[in-house]
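A.B. asks: got a predicted structure plus its sequence, pasted below:
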Amino acid sequence: MHMSDALLSPAVGSIFWAGSLGIITYCARKLKDHLNGSLVPLMGVIGAFIFAAQMINFTIPGTGSSGHLGGGMILAILLGHYAALITMASVLTVQCLFFADGGLLALGCNIWNLGVYPCFIVYPLIYRPLVRSGSSPKRIATASVLSALIGLQLGSFSVVLETLLSGRSELPFNTFILLMQPVHLAIGLVEGFVTAGVINFVKAARPEILESVLSARPLSADISIRKLLIILLVAAILTGGALSWFSSSNPDGLEWSIEKVFGKPELPEQENMIASALKAVQEKLMFLPDYDFPSNKIDNSSASDKDSSFVDPGTSVSGLVGSFMVLGIIFIFGFGIKVFKKSRG
Amino acid sequence: MLAFDKEYFNIGFLDTLSYKHSFVHSLDPRIKLLTTLAFILCVVSFPKYEVFQIIPFFFFPVFILSAGNIPLKFILKKLLVVSPFVLFVGVFNPVFDTEAIYSLNGFVISKGWVSLLSIMIRFILTVSAAFLLIATTSFMGLCLALERMKVPKVFVVQLLFLYRYLFVLAGETMRLIRAVNMRAFDRKNLSIKLFVSITGTLFMKTIERSERIYQAMCSRGFDGEIRLLKRYKINFTDTVFALATITVFIILRKYDITNMLGRALG
C-alpha cells in the first residue's frame, strides 16, 4: 500500500510533495486560528497511539495472514479533519524515517493517499452526513466500514495512478487496477471493522470525546462545500497536470493509460497549459532546479529508435566491467575511510 | 508477537545510533536532509532501463555508512525486509516487457529484467539513504531543520510530540501484548476482536495520559506556543560538504562513468 521511491519519477514525486505540503500548511493555518492548548498534546499522543497500534499485527479472518491498522479514518473521526491530517502526516513521516516505509520522495504520495483521502474526502462527504451526535453504535459501525472501504479504494487507485504516471512499471492499467482494487476491498473491510470497533469502544467508555468532535466542528461552519470543491479542483488539476506533463515528455509509455482515462490519446489543450504553468512553479520550488537533466530529455526523444534495436554488445560488456570496477572502487573507498578513522582514533 | 518487540527495539537502536559522534553526525541536519533529497532525486530521475549508470551512486551511502560508523549489518538487515509492494509491482516487468535489450555471448536479456533490476537498485539506494539519514541525525535535529526550512510549526511540534511519546506508548503496548501472550498459549496472532479491545484500552490510557501531560504543561506555563531551542548553524564544513556531494551527484548523473571505465579497461 505504501508508495515507494523506487517506483516514482521525480516529477510525480515532487507534485505530490507539493500537494501534501500545501494541505499541511493549510491545516496548520486553520488549526492556529482556533487552537485550544489541550489539542497540542492530544494530537501528539494520539499520533503515538496510532503508531504503536500499527505495530500490532492481527489475524485477518479466513486467510491466516496478518494485517495491521492504517488509522486515517480513526484519526479523522476522533480529531476532526484538520488535526487528523497533521497527525496522520506526522505518523507517516516517522514511519518513513524509521521503517523506510516508502521513502522520502514517496512521503508526499503517501500523505496524499493515506491522509488526504480519508480526512478531506471521505470524512466530510461520507462519515459526517451519516453520523450525528445521537447515532447508534450500529449506524456508527456501518458508516465507519463504508468510509474505510471508500478511503482505501481511493488510496489504492491513487497508488496505481502514481505508479503508471511515473512509468517505471510495465503493468497495464487494467491489470494493475484488477490486482489492486479487490485486494484493497478486503483490506478496507478489515480496516473498517477495526475502525468501527475502536470508535464504538471509545463511545462506550468516554462518549464525551466523540461528542466534542461532533459538536465543536459542525460541517456547515467548518468546511463549506465551496472550500471542498476548491480542494477537489486542486486535486484534479494536480492529477491532470501530471497526466498531461507526462503525455508530452514520455509519449510511448503512457499514451495508452491516458487513452483509458480520457478516451482519446491526447489531452485537451488547456490542461497542457496548466501543466506548463505547474512546471514553472515547480522549477521555482525545487531544491535542484535542473533536476530534469538535459541528457534525460535526449534519451526520451530518441527512446523509440534506441529501444527497437539491440544495444550493441560492446556497450553491455563495458557496462558490466565498469559496474564491477565502480563497485570495487566504492568498496575500497568505504574501507579506506574506516581504516583511516581507526588509525586516527 | 516477537515482531512487535523487534520493531520497538529497532526504533530505539536507530535513535541511539543518531547520538554517536562522527564527521557525518556533526553536519548540520538541514545539509544532510538536502543532500539526501538531492541524492534520491538524482537516482530516481534515471530512465527506466538504466542500470550501469546508477551504480556509481552507491558511493554516497557507503560514504555515510563508513564515515558515520553505522554498522553495515544493521542496514543490510533492514534492506532485506524488502517492501513487498515494490517487488510485487516490479516483478511484472519481465512478464510484460519481453523485448530483448542486451545479448552477451548469445545469452539474451529482455528489457523487463533490466527494468526490474533498475527498480531494485533504486530501492536499495533510496531506502538506505533514508535509513542513513535518520541513523546519523537525531530526530530532534531533523525537526529543527524542518522548522528552519519553514515547514509549519504546528506540524513540527506534532512530530516532536509524537516522537517523545512514541517510546512511552510503544512500551505500554508491548506490555499489553505480552500480557495477552502469556494467557494465549501459542496462538500466533491476535484476532480482530482482541485487537479492537486492546487498541480501545490503549486509546483510553492514551487520552488519560494526554490530559495529565496537558495539566503538567499548563502548570509549567504552557501558553499554546512551543519554543524550540535552536543551536544549529551552517558552518564552512557544511557548505563544502553540500557543494561537493551535489557536484558529484550532477557529474554522475550527466556522465556515464561506469561505461567510460569499462571501455577504458575492456
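C.D. replies: Cool, the structure landed. The structure displayed is predicted, hence computed values, not measured ones.
A.B. asks: any chance you could map the helices in the stretch 101-250 of chain B?
C.D. replies: B:111-136, B:139-148, B:153-183, B:192-219, B:236-254 (DSSP state H, counting those that start in this stretch).
A.B. asks: list the buried residues in the third one.
C.D. replies: To tie it back to what came earlier, the one meant is helix B:153-183. The neighbour-count check on helix B:153-183 (16 or more other C-beta atoms under 10 Å in any protein chain shown) flags B:154-166, B:169-170, B:172-174, B:176-177, B:180-181 as buried. C-beta here means a position set from N, CA and C on the backbone, and glycine is covered the same way.
A.B. asks: same check, this time on the fourth one
C.D. replies: Along helix B:192-219, the positions that meet the burial threshold by neighbour count (16+ other C-beta under 10 Å) are B:192, B:194-196, B:198-200, B:202-203, B:205-207, B:209-210, B:213-214, B:217.
A.B. asks: do that helix and chain A meet?
C.D. replies: Yes. Helix B:192-219 lies within reach of chain A by C-beta under 8 Å from any C-beta of the partner chain, at B:192-200, B:202-204, B:206-207, B:209-211, B:213-214, B:217-218.
A.B. asks: let's have the helices of the stretch 101-250 of chain B in JSON lines, adding mean pLDDT.
C.D. replies: As requested, these are arranged in JSON lines below (pLDDT from 0 to 100):
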{"stretch": "helix B:111-136", "mean pLDDT": "90"}
{"stretch": "helix B:139-148", "mean pLDDT": "87"}
{"stretch": "helix B:153-183", "mean pLDDT": "86"}
{"stretch": "helix B:192-219", "mean pLDDT": "84"}
{"stretch": "helix B:236-254", "mean pLDDT": "92"}
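A.B. asks: how about the helix or strand where residue A:22 lies, does it get close to chain B?
C.D. replies: Using DSSP states H and E, residue A:22 maps to helix A:10-33. Yes. Helix A:10-33 is in contact with chain B by C-beta under 8 Å from any C-beta, via A:10, A:13, A:21, A:24, A:25, A:27, A:28, A:29, A:31, A:32.
A.B. asks: what is the burial count for the nearest residue to residue B:124 once chain neighbours are set aside?
C.D. replies: Of all residues not flanking residue B:124 in the chain, residue B:79 sits nearest, at 6.0 Å (C-beta to C-beta, 6 or more residues apart in numbering or on different chains). Using other C-beta atoms under 10 Å in any protein chain shown, residue B:79 has 15 neighbouring residues.
A.B. asks: where does residue B:79 land in three-state SS?
C.D. replies: Here residue B:79 is recorded as helix under DSSP: H, G, I helix; E, B strand; the rest coil.
A.B. asks: just to revisit the earlier point, which strands and helices sit next to the helix holding residue A:22?
C.D. replies: On a contact count with 3 or more C-beta pairs under 8 Å, 6 or more residues apart in numbering or on different chains; DSSP states H and E, helix A:10-33 meets helix A:81-98, helix A:107-111, helix A:137-166, helix A:225-249, helix A:269-285, helix B:29-44, helix B:153-183.
A.B. asks: distance to residue A:186 added to the ones you listed, as CSV?
C.D. replies: Compiled in CSV, the helices and strands packed on helix A:10-33 are given as follows (distance: least, C-beta to C-beta, whole Å):
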stretch, distance to residue A:186
helix A:81-98, 22
helix A:107-111, 20
helix A:137-166, 9
helix A:225-249, 26
helix A:269-285, 35
helix B:29-44, 31
helix B:153-183, 25
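A.B. asks: for residue B:5, which of these is the nearest?
C.D. replies: Closest approach to residue B:5 among the helices and strands packed on helix A:10-33 (C-beta to C-beta): helix B:153-183, 6.1 Å.
A.B. asks: pull the distance from that closest one to the chain's centre.
C.D. replies: Counting by C-alpha atoms, centre = their mean, to the nearest Å, helix B:153-183 is centred 19 Å from the centre of its parent chain.
A.B. asks: by mean pLDDT, show me the worst of the helices and strands packed on helix A:10-33.
C.D. replies: Within the helices and strands packed on helix A:10-33, confidence is poorest for helix A:269-285, with a mean of 49 (mean pLDDT).
A.B. asks: okay, now the domains of the chain?
C.D. replies: All of this is about chain A. Chain A breaks down into these domains under automatic domain parsing: A:5-223, A:244-307, A:310-344.
A.B. asks: that answer is for a different chain, and I need it for chain B
C.D. replies: B:20-137+B:235-266, B:139-232.
A.B. asks: quick check: which of those domains is buried the most?
C.D. replies: Ranked by mean neighbour count, those are led by domain B:20-137+B:235-266 with a mean of 19 (mean count of other C-beta atoms under 10 Å in any protein chain shown).
A.B. asks: that domain: how far from the chain's middle?
C.D. replies: 14 Å.
A.B. asks: farthest residue from the center of chain B?
C.D. replies: residue B:106 (40.7 Å; C-alpha atoms, centre = their mean).
A.B. asks: from chain A, how far off is that residue?
C.D. replies: As judged by C-beta to the nearest C-beta, to the nearest Å, residue B:106 and chain A stand 10 Å apart.
A.B. asks: residue A:13 reaches residue A:111, doesn't it?
C.D. replies: No. Assessed by C-beta atoms under 8 Å, residue A:13 is found out of contact with residue A:111, at 12.0 Å.
A.B. asks: looking at the residues of helix A:10-33 next to chain B, which has the most residues close by?
C.D. replies: residue A:13 (26 neighbours).
A.B. asks: could you report the neighbour count for residue 18?
C.D. replies: Using chain A here. Look at residue A:18: counted by other C-beta under 10 Å, it has 17 neighbours.
A.B. asks: the intended chain is chain B.
C.D. replies: If you count neighbours by other C-beta under 10 Å, residue B:18 ends up with 20.
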